[in-house]
Every structure is written in structure tokens, then in C-alpha cells.
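A.B. asks: how would this look folded up:
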Amino acid sequence: MNIPKGELLLFAFRCTSQLGKARCEKGWDWSPKLPLHDYDLWYAMEGKGEMFINGTCYPVSKGSCFLIRPGDRVHAEQDEEQRLTVIYIHFTIQEGSCVTLPGRHVKFEDTRVPETCLQRIVDLQLRGEAKQDEEFDLLIRLVIVHMLRQEEAMASPVSTMHKQLIHKVIDRLADDEKSISIAALAAEVNVSPRYLSHLFKKYTGYSLKAYITHARMEHARFLLAETTMNITEVAAALEFTDIYHFSKLFKQHYGASPSRFRFIGRGATSHYGDSTPEK
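C.D. replies: Coordinates of the predicted model:
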């Protein structure tokens, strides 16, 4: 299709003014007084809590992603011992657009692509870059594709018991940045290392060994970007005895050195939503 120079494309997804990355303060909860009038893509980077949408309760932990629709009644709260860091992006969908939307909640097993897309959207809007409408449309589409793909994975013919076992392993890796072996994980869920690796690959599509590395690198990226810890301190926190090995592994994983992800002083904002902190 040839678009004449200077003619605008009609994008399905358009960002509103409400978006950002936020560390939820102590005592935070979110209870909009009125149902939402637009869509809200709400993603948990860290922490734990609960999200209630139209009376249905969903657990929140790292990788939880919600697509809240116009008219939904919403309430969210956090675990005060594991407070949330979230990305929220409000947007509208052009009337008449042909798009397939996922349900209201998925838990991403692999957070790399969707989280990178969401971070890029926040940075894009804050910087006011050229052609941001085009890029926003593409990035939201990509996140939605990954949500739909995750839904399909969740519907795979793996027994409920096996799903619970795999989720226990994933949550274990998300909660602890320290090094852990496949044998130790298998012992925690009372199966053999070989069987656990087989189930994990069947259910998620990723090898367990690769996912353990991914989980540690995700922790490293978060500590680098969201805290003032230096590279040596992050490597030590993740129990790497060789900082050069850590840096090499990080670069292989993300295509950039750890220094590219260092905290630059512009952190997330407070995120009380419609609540007011008690003094």
C-alpha cells in the first residue's frame, strides 16, 4: 500500500496522557471512584499483590499483565512486604479497527519482550520523540500479541497439577535472585531434575537451564536500572564470583553491557492512583 507523503495513517491504538512507571508507596491501593473510560495496560515489574476486576480476584506478581477495559470496576492492593513496581499505560482503540484482544489477565513466563516494549513506550512519551504515534501503535500491538500467545500456552494440554508445579518453580525463581540448580528446584517440588526439565520445556517452550539464567539476568537488570547499586554490587548480590563472567553473560542476554542499564537518576514516580496516603 502506497501512502502519499505527508498523509497520516489511521492508527488503531492511541495513547492518552496517563502513563508511567511507578513504585507503589507504603499503604498504597488503587480504587478508581468511577469505572475507567479508556483501556489500561497495567504490568507488574516487581512485588506482589491482588487485582480485582469486576469482582474477580487475580494474583499479582512479576510478569502479571492486565488489560483493563472501559467500564471495568477495579481495585488493586499490594503486599506491604513486597511492594509493587508497575507500568501503566492508558490508551484508546480507534472505532472500527479490526483488532483481537486478549482476556483481562495473563502471567508472562518470559517477560523480556513485553517488558522492553512497555518500558520503551514510557520513555517514548516522556521524551516526546518524533513519530511516537506510529511506534506506540506497533509496540502495543506487539505486547497484545504476546498476551494472546501466553493465553494459548496457558490453555495447553498440561494437567492442572503440572501447571501448578511449573508456576511454583517460576515464582521461586522470580522471588530469589540467588543462584539455584535444577536439582535443588526439583527437590523442592518432589520430582526428578530430568522430569522437571521435561515438564518446563513442554509447558513454557523454554529450557529450564535457560530460564534460570534469564531470571537472574532479569533481577540484575532491575537492580541496575532501579537502584543505585553499581555493577560489582549487583554481581555480588546475584552470587557471581567473577564480575567479568557476569558482564559477559549479561551482554549475551541483552545485547548490551550492564553499564547501559545503570540507574540515571530519573526513577519511577509515586503511584497512589485515586488513593491518598495517610499521614
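A.B. asks: can you tell me the average pLDDT over whatever helix or strand E152 lives in?
C.D. replies: Using DSSP states H and E, E152 maps to helix 132-154. Computed over helix 132-154, the mean pLDDT rounds to 90.
A.B. asks: Which strands and helices lie in contact with whatever helix or strand comes next after that helix?
C.D. replies: Using DSSP H and E, the helix or strand that follows helix 132-154 towards the C-terminus is helix 160-175. In terms of contacts (3 or more Cβ pairs under 8 Å, 6 or more residues apart in numbering; DSSP states H and E), helix 160-175 is packed against helix 182-188, helix 193-204, helix 208-226. Any C-beta I mention is one placed from the backbone N, CA and C, and that applies to glycine too.
A.B. asks: Switch these over to JSON lines; also include distance to V99, mean pLDDT and mean neighbour count.
C.D. replies: Output for the helices and strands packed on helix 160-175, formatted as JSON lines (distance: least, Cβ to Cβ, whole Å; pLDDT from 0 to 100; neighbours: other Cβ atoms under 10 Å):
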{"stretch": "helix 182-188", "distance to V99": "39", "mean pLDDT": "89", "mean neighbour count": "15"}
{"stretch": "helix 193-204", "distance to V99": "26", "mean pLDDT": "86", "mean neighbour count": "17"}
{"stretch": "helix 208-226", "distance to V99": "29", "mean pLDDT": "88", "mean neighbour count": "19"}
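A.B. asks: re earlier: which of the residues in the helix holding E152 are buried?
C.D. replies: For helix 132-154, the neighbour count (16 or more other Cβ atoms under 10 Å) marks E135, F136, D137, L139, I140, L142, V143, I144, H146, M147, R149, Q150 as buried.
A.B. asks: In JSON lines: the helices and strands packed on helix 160-175, plus distance to P102.
C.D. replies: Formatted as JSON lines, the helices and strands packed on helix 160-175 follow (distance: least, Cβ to Cβ, whole Å):
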{"stretch": "helix 182-188", "distance to P102": "29"}
{"stretch": "helix 193-204", "distance to P102": "18"}
{"stretch": "helix 208-226", "distance to P102": "22"}
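A.B. asks: wait, which of these is closest to T85?
C.D. replies: Nearest to T85, of all those, is helix 208-226, at 6.9 Å by Cβ to Cβ.
A.B. asks: Can you show me the helices along the stretch 1-150 of the chain?
C.D. replies: 112-127, 132-154 (DSSP state H, counting those that start in this stretch).
A.B. asks: which one of the helices and strands packed on helix 160-175 lies closest to L126?
C.D. replies: helix 208-226 (14.7 Å).
A.B. asks: pretty sure H75 is touching D29, no?
C.D. replies: Yes - H75 is within contact range of D29, at 7.2 Å (criterion: Cβ atoms under 8 Å).
A.B. asks: how about C117, what does it touch?
C.D. replies: Counting by Cβ atoms under 8 Å, 6 or more residues apart in numbering, C117 touches L139, I140, L142, V143.
A.B. asks: one more time with 7 Å, if that's ok
C.D. replies: L139, L142, V143 (Cβ atoms under 7 Å, 6 or more residues apart in numbering).
A.B. asks: before we move on, what about I53?
C.D. replies: Neighbours of I53 in contact, by Cβ under 7 Å, 6+ apart: I68, D72, V74, R104.
A.B. asks: top of these by neighbour count?
C.D. replies: Neighbour counts for the contacts of I53, by other Cβ atoms under 10 Å, peak at I68, which reaches 24 neighbours.
A.B. asks: Got the confidence number for that one?
C.D. replies: 96.
A.B. asks: Is the closest residue to it other than its chain neighbours bridged to anything, and to what?
C.D. replies: Spatial nearest neighbour of I68, chain neighbours left out: D40 (4.2 Å); criterion: Cβ to Cβ, 6 or more residues apart in numbering. Beta bridges link D40 to I68, H90, judged by DSSP bridges.
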